[in-house]
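1. sequence unknown, structure follows:
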């Protein structure tokens with residue numbers, strides 16, 4: 001069996017694992033409190049060379065159609081243990097010595113990410129973010145924060161495709177102008193129908209589509225938006241202390257999702273050019289996508305579980321913005337009181353209207 005390469009991240013001073021510190025460009029050692037810049041850390045015996053990043057054209061020629069199946073086996077350079085990892089895993093921890101490692105071949109050989117948004121929030125920030133997420137939720141159980149606890153916190157770099165493209169062409173629309181007026185004998189509503197044409201050209205950048213089949217598309221869409229002005233060139237050191245997956249769905253497979261998102265945006269832009277018309281709708285769309293390009297990026301997400309009265313609630317947290325998504329528990333008694341109060345209010349309003357009519 002060919003040897004797979006696992007790159008370790010160890011403190012040069014004491015040999016303990018190093019972890020990337022969110023919001024900085026430093027790796028920290030929790031054992032001796034040393035800090036090191038990303039460029040300072042010697043990455044074992046790895047040769048210093050220019051590593052080829054992802055290129056869509058080369059990928060289609062050389063890699064498209066490859067399947068990531070089963071698992072791969074790696075040797076930890078720190079303790080010699082054999083590590084079995086999912087075939088899409090790009091960064092992990094050794095379960096025996098807790099060393100932070102990057103599985104080199106998953107970020108090299110033309111499959112290296114072009115860019116990354118590093119984590120800004122630390123695990124210790126997560127309870128406060130979840131608490132803020134819960135503020136104003138009137139149906140939340142009163143003692144939720146006292147009786148719940150967070151577990152299984154994982155900082156994960158999720159693979160994303162970031163599409164750039166131009167859109168040009170036109171759409172046909174229908175719209176109405178409604179004019180209401182009164183005569184001495186009646187109320188008149190005049191509706192005029194119009195056929196509208198709009199042409200335009202737009203450029204879109206960094207349309208995100210997650211590239212992992214293991215992650216729910218709905219969850220990944222919900223943790224957006226990310227601030228792509230903070231994209232930086234990929235460096236291995238950002239992965240130290242975090243999990244990371246390599247993409248397992250290629251750009252061609254995900255391009256339709258990106259196309260649907262940007263077409264919706266383009267249509268909204270053209271609809272906004274029809275002020276003064278009511279009930280505007282698009283009847284045909286002749287817009288075309290040109291000059292499509294894609295970057296391969298890793299974006300930061302925390303996954304965690306919240307346990308409350310025997311039930312596990314799962315949350316995802318945007319590691320850059322702190323946005324939290326997930327389902328919250330509901331207090332049934334509060335929900336019933338809210339329903340009765342709402343029903344009583346609607347019933348009172350209906351009774352008042354009935355009295356006025358009578």
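-> Cool, got the structure. Here the structure is a predicted model, which means the values were calculated and not measured.

2. which SS state does the residue nearest the centre of the chain fall under?
-> In the chain, the centroid-proximal residue (C-alpha atoms, centre = their mean) is residue 220; its distance is 4.0 Å. Following DSSP: H, G, I helix; E, B strand; the rest coil, residue 220 is assigned to helix.

3. wait, it sits on residue 214?
-> No: when contacts are counted by C-beta atoms under 8 Å, residue 220 is not listed as touching residue 214 (10.6 Å). To be clear about C-beta, it is placed using only N, CA and C from the backbone, and glycine gets the same treatment.

4. show me where the stretch 51-200 of the chain has its strands.
-> Applying DSSP state E, counting those that start in this stretch to the stretch 51-200 of the chain gives strands spanning 71-75, 82-86, 89-93, 100-103, 115-116, 148-182, 187-210.

5. to residue 321, which of those strands lies closest?
-> strand 187-210 (13.2 Å; C-beta to C-beta).

6. so how many other residues sit close to residue 62?
-> 13 (other C-beta atoms under 10 Å).

7. wait, I meant residue 326
-> With other C-beta under 10 Å as criterion, residue 326 counts 18.

8. ok, it to residue 289 distance?
-> 34 Å (C-beta to C-beta, to the nearest Å).

9. which residues touch residue 288?
-> 167, 168, 169 (C-beta atoms under 8 Å, 6 or more residues apart in numbering).

10. sorry, wrong one. I was asking about residue 173.
-> Listed by C-beta under 8 Å, 6+ apart, the contact partners of residue 173 are 195, 196, 197, 198, 270, 271, 274, 280, 281, 282, 283.

11. of those, select the buried ones using a PyMOL command.
-> A single PyMOL command selects the buried members of the contacts of residue 173 (16 or more other C-beta atoms under 10 Å):
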select buried, resi 196+198+270+271+280
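
12. out of everything not next to it in sequence, what's closest to residue 273?
-> Leaving aside its sequence neighbours, residue 273 sits nearest to residue 198 (C-beta to C-beta, 6 or more residues apart in numbering; 5.7 Å).

13. same question, residue 60
-> Closest to residue 60 by C-beta to C-beta, 6+ apart is residue 252, at 7.3 Å.

14. same check on residue 125?
-> residue 322 (7.2 Å).

15. how much space separates that neighbour from residue 128?
-> Counting by C-beta to C-beta, the gap from residue 322 to residue 128 is 9 Å.

16. of the two, which one has the most company?
-> Neighbour count, other C-beta under 10 Å: between residue 322 and residue 128, residue 322 has more, with 16 against 11.

17. what residues does that one make contact with?
-> So, once contact is read as C-beta under 8 Å, 6+ apart, residue 322 ends up touching 120, 121, 125, 129, 132.

18. let's see 10 Å
-> Residues near residue 322 by C-beta atoms under 10 Å, 6 or more residues apart in numbering: 120, 121, 125, 126, 128, 129, 132, 133, 302.

19. just send those residues back as CSV, with distance to residue 146 too.
-> Converted to CSV, these look like this (distance: C-beta to C-beta, whole Å):
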residue, distance to residue 146
120, 28
121, 23
125, 20
126, 17
128, 15
129, 18
132, 17
133, 17
302, 23
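
20. could I get these as CSV with pLDDT?
-> Shown next, in CSV, are the contacts of residue 322 (pLDDT from 0 to 100):
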residue, pLDDT
120, 95
121, 95
125, 94
126, 92
128, 90
129, 92
132, 89
133, 86
302, 94
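
21. which of the residues you listed count as buried?
-> So, by 16+ other C-beta under 10 Å, the buried ones in the contacts of residue 322 are 120, 121, 126, 129, 133, 302.

22. and which of these is nearest residue 225?
-> Nearest to residue 225 among those, with distances taken as C-beta to C-beta, is residue 120, at 14.1 Å.

23. for the closest one, which residues are in contact?
-> Counting by C-beta under 10 Å, 6+ apart, the residues that residue 120 touches are 22, 23, 24, 227, 230, 300, 318, 319, 320, 321, 322.

24. going by neighbour count, which of those comes out on top?
-> Highest count within these by other C-beta under 10 Å belongs to residue 319, 28 neighbours.

25. out of everything not next to it in sequence, what's closest to it?
-> residue 300 (3.0 Å).

26. ok, that neighbour to residue 183 distance?
-> Relative to residue 183, and taking C-beta to C-beta, residue 300 is found at 65 Å.

27. before we move on, what about residue 203?
-> Distance, residue 203 to residue 183, using C-beta to C-beta: 52 Å.

28. where does the prediction get shaky in the stretch 101-250 of the chain?
-> 101-110, 145, 147 (pLDDT under 70).

29. let's go with 50 and repeat that
-> For the stretch 101-250 of the chain, no stretch has pLDDT under 50.

30. work out for me the element residue 257 sits within.
-> helix 251-271 (DSSP states H and E).

31. could you point out which element follows that helix?
-> strand 278-285.

32. just how off-centre is that next one within its chain?
-> 31 Å (C-alpha atoms, centre = their mean, to the nearest Å).

33. against which helices or strands is that strand packed?
-> Helices and strands touching strand 278-285, by 3 or more C-beta pairs under 10 Å, 6 or more residues apart in numbering; DSSP states H and E, are strand 148-182, strand 187-210, helix 251-271.
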